[in-house]
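Participant: Build me a model:
(4 chains)
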Number of protein chains: 2
Amino acid sequence: MDQVEVFKALSNKTRLQILNWLKSPAQHFPDQQNADFENVGVCVGQIQMKSGLSQSTISEYLSILQRAELINSTRVGQWTYYKRNEAGFKALEKLINQEL
Amino acid sequence: MDQVEVFKALSNKTRLQILNWLKSPAQHFPDQQNADFENVGVCVGQIQMKSGLSQSTISEYLSILQRAELINSTRVGQWTYYKRNEAGFKALEKLINQEL
DNA sequence: TTGGAATATCGGGAAAAGTCGATATACATT
DNA sequence: AATGTATATCGACTTTTCCCGATATTCCAA
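Facilitator: Residues are numbered from 1 along each chain as shown, chains lettered A, B, ... in the order given. Next up is the predicted model:
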């Protein structure tokens, strides 16, 4: 886990919001049909709509968060679903508590 | 505590190093004479020398870390001493654990 | 197998951050 | 008061980040 990379990923209001939304997907994305929130998460389009930013920006943001190991993705058909990577958050906690 | 501001402050290798140095000043700054590390911390010049970056850059970095509430300063004569603000780190822990 | 929908990637313009040297300020000493 | 030292601030330049629209890719459905 690259320290600077993680903190950079967290240095943006929209990206922090996305992480927060993904904490309780059912609550923040009531529109997503047939969603298996637990297993796969939320698809890019839903996140994009909620954010109000462009599709390309959100796709980019999601890959930044993924490179930082804070989320991970599952491709299902033409959709890519993203969910939180709790192992990454654990590693971040440890980083703050022990290494910073 | 502004979330984005804290993470931006942490998004830089040199600033992370400074925070780490300030964890055990006596070990990282053996040159500082008559230093009351516990009470006041380490002065700007020592940090600057160790970092290898310019005086202005380090002064700026220290104020970024201070605005993020991760360190605080004490002026003593012509020196400004900086030390870690453990309350800020506690707040950061809480942020990670509960709000992110 | 062609068309459409979802996502990713590319290229770019504007804003912010990184970093410097020069200068200003604040304080101490003579 | 004048000089010297430590730090802060300023102006400039370069690099990175923010965000967009356009295009490419991937997959599904007709």
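Participant: Pretty sure residue A:82 is one of the things residue A:73 touches, is it not?
Facilitator: Yes. Under the criterion of Cβ atoms under 8 Å, residue A:73 makes contact with residue A:82 at 5.1 Å. C-beta: built from backbone N, CA, C; applies to glycine.
Participant: So between those two, which is more surrounded?
Facilitator: residue A:82 (25 against 19; other Cβ atoms under 10 Å in any protein chain shown).
Participant: that older thread, any common contacting residues for residue A:73 and residue A:82?
Facilitator: A:41, A:62, A:66 (Cβ atoms under 8 Å, 6 or more residues apart in numbering or on different chains).
Participant: So which of those residues is surrounded by the most neighbours?
Facilitator: residue A:41 (23 neighbours).
Participant: so residue A:8 sits right up against residue B:11, yeah?
Facilitator: Yes. Proximity of residue A:8 to residue B:11 meets the contact threshold set by Cβ under 8 Å, at 4.5 Å.
Participant: Just the buried positions in the least confident helix or strand in chain A by mean pLDDT, please.
Facilitator: Lowest by mean pLDDT, DSSP states H and E among the helices and strands of chain A is helix A:25-28, with a mean of 92. Of the residues in helix A:25-28, those buried under the neighbour-count criterion (16 or more other Cβ atoms under 10 Å in any protein chain shown) are A:25, A:28.
Participant: now the helix or strand following that helix, how far from the centre of its chain.
Facilitator: From helix A:25-28 onward toward the C-terminus, using DSSP states H and E, the following helix or strand is strand A:42-43. Distance, stretch centre to chain centre, for strand A:42-43: 9 Å (Cα atoms, centre = their mean, to the nearest Å).
Participant: and strand A:42-43 with DNA strand C, contact?
Facilitator: Yes. For strand A:42-43 and DNA strand C, the contact criterion (Cβ under 7 Å from any atom of the strand) is met by residue A:43.
Participant: go on, stretch A:71-79?
Facilitator: Yes. Applying Cβ under 7 Å from any atom of the strand, one finds that stretch A:71-79 is in contact with DNA strand C at A:73, A:78-79.
Participant: What residues sit buried inside the one helix or strand residue A:63 maps to?
Facilitator: Per DSSP H and E, residue A:63 falls inside helix A:55-67. Buried residues in helix A:55-67, counted by 16+ other Cβ under 10 Å: A:58, A:61-62, A:64-66.
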